[in-house]
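*Asks:* Sequence plus the predicted model coming up.
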Amino acid sequence: MAAVSLGAASTLPGRIASLLSRRGLVVADLPAGNAGAAMLARLAAARDPGELLIAIQRLPEGARGELLWAGVAGLAGGAPRELTSRTTQQRGLIAAVDLAPTILTWERLPIPDEVRGRGIETDGALSGGSLRSLLGRLRVVGGRRLSAFGFLLCAWLLALLACSPWPAARARAVRAGALGVLWAPAAVMLPAALAPSAGVEYATLAVLCLALGALTDALVPWPRAMLAPALAGPLAIAVDALAGSQLLVRSLLGPNPALGARFYGVGNELKSGLAVLVLAAAAGALYPARRDRRALVTIVAAGLALAVIEGAARIGAGVGGVILVCAGTAVAAVVLAPGALTRRRALIAIASPVAGLLLLAAIDLATAHGSGHFTGSILHARSAGDVRDILVRRYKAAWGELHNHAMPVATAVSLAAAVLALRARDRLLAPVGGDPAWAAALAGGLAAGVAGALVEDSGPVLLVVATFALGCVLSYLWAPPPPRTSRASA
């Protein structure tokens, strides 16, 4: 600090003006309430046209992870417009780390290597109502996630209990509920757009998911019904991201900016679940399958399409998502390929995450001009220490997640279920007659969950989500409709 000015609050505007005549940067702590608002208004009115003015809401005492109001005058683009940055890639949302590069750039000073933020920019017309709606929504989505899906599972259980006396109806309820849970990545967009109260959101999501599951089961023959949610989920995510409608970030399955870990793209809660869903949909499309080139190309193409969606800087922006999808797809391809497992195939499967990273780098360069999450954090790292810091942060966060609430129990149950499923794989595949495409999809989905647990900062969450999604897939397979019999055979 080159200078400090202390005094009564009433003299603050004059002391700020005095410092501004001699210094390029002045930081002032305005009083709270109406007095501070009046001073800020005076500073804005007296601002020179070439002067940058940044105002930030005071952080409440003892608070962390708060979403605070901020305003900037003097940026290019004119006023009134909303703020954004390449850190958040969300209209109306900036990060605290964006302040330093914004100020240093304005003062035409070099930005030190340690600064991780990006400059604040303007984007779109300012809408106070929209910003207040976004703030209110982001403050409640984190606390509603588990409750909403607990409500959905309870609704599925009630449907099963209601249909229990009739075997055909009970099987239909099993299929509808399993499909309904897999419809969740697309279904959460509707309450995100409506921003209802907690109870209304829980009921809306449960009714919508179960209705979509029942409708899909009625219209799409078993075991191909997972094609519908597998197409709808990634498509809804891609359209929302490209249109900038911000429905995913407002949804119960979107990234949580309040945590400051991820502001955009596909959150960790979705990555492994989508991998299971897409691979299962490919198996359903191939059923009954043979170990041939057509089946192999189909399942690899499905995995690559999902990897592009999860990795593209303007859509999923997920480094770990590309790795886990490529790993799961490679395992599925090895299981489905004709002939026995060879050393070459095993090496290809092991190297698939590296190929995925190369694919992600190419996607970043093609779609985001090298400003994507992967190239910005890895390829543009200034030293090996930067890469080491990234890895340390990710695995430290993953280790912390393993000790979070019921996660140790959920992880142990998931691992036990995976071991039992591998040992009883022939019996699990009995409803589809040991179909090789379904064997490949289930093996690939499990591999995606394991790879996600090893590479993502949410660690075991991805394994638990993948295991739960695989349980829904198997529930659907194990509740086939009764075989149709012709009148003559009857």
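*Replies:* Nice, thanks for sending it over. Fair warning: this is a prediction, and the values are worked out from it, not measured in the lab.

*Asks:* Distance-wise, check F151 relative to T88.
*Replies:* To T88, F151 is 30 Å away according to Cβ to Cβ, to the nearest Å. Glycine gets a C-beta too; all of them are placed from N, C-alpha and C.

*Asks:* between these two, who's got more neighbours?
*Replies:* Neighbour totals were compared for F151 and T88, and T88 leads with 23 against 18 (other Cβ atoms under 10 Å).

*Asks:* Quick check: the more buried one touching A95?
*Replies:* Yes: judged on Cβ atoms under 8 Å, T88 makes contact with A95 at a distance of 5.7 Å.

*Asks:* shared neighbours of the two, anything?
*Replies:* F263 (Cβ atoms under 8 Å, 6 or more residues apart in numbering).

*Asks:* And the residue nearest to N256 when sequence neighbours are not counted, how far from A187?
*Replies:* Residue nearest to N256 in three dimensions, not counting chain neighbours: G142, with 5.2 Å by Cβ to Cβ, 6 or more residues apart in numbering. Going from G142 to A187 by Cβ to Cβ gives 19 Å.

*Asks:* now swap in E456 and tell me
*Replies:* 24 Å.

*Asks:* So for these two, which residue has more residues nearby?
*Replies:* Ranked by neighbour count (other Cβ under 10 Å), E456 and A187 place A187 first, with 30 against 26.

*Asks:* residue contacts, the more buried one?
*Replies:* Per Cβ under 8 Å, 6+ apart, neighbours of A187: L205, L208, C209, L212.

*Asks:* What pLDDT is listed against it?
*Replies:* Note for A187: predicted pLDDT of 96.

*Asks:* how much space is there between it and S164?
*Replies:* For A187 relative to S164 (Cβ to Cβ), the value is 25 Å.

*Asks:* rewinding a little: closest to H403 among the contacts of A187?
*Replies:* Nearest to H403 among these: L205, at 29.2 Å, using Cβ to Cβ.

*Asks:* What is the burial count for the closest one?
*Replies:* Other residues lying near L205 total 26 when counted by other Cβ under 10 Å.

*Asks:* and what of A55?
*Replies:* 16.

*Asks:* Repeat that for L135.
*Replies:* L135 has 15 nearby residues by other Cβ under 10 Å.

*Asks:* isn't it right next to A70, touching?
*Replies:* No: if you go by Cβ under 8 Å, L135 and A70 don't touch, sitting 11.6 Å apart.

*Asks:* Could I get the buried residue list for stretch 418-435?
*Replies:* Residues of stretch 418-435 classed as buried by neighbour count (16 or more other Cβ atoms under 10 Å): A418, A421, L428, L429, P431, V432, D435.

*Asks:* Surely the fifth one and S475 touch.
*Replies:* No: at 10.7 Å, P431 does not count as touching S475 under the criterion of Cβ under 8 Å.

*Asks:* Return the residues in contact with the residue nearest the centre of the chain.
*Replies:* Nearest residue to the geometric centre of the chain (Cα atoms, centre = their mean): G267, 1.5 Å. Residues near G267 by Cβ under 8 Å, 6+ apart: L253, G254, P255, N256.
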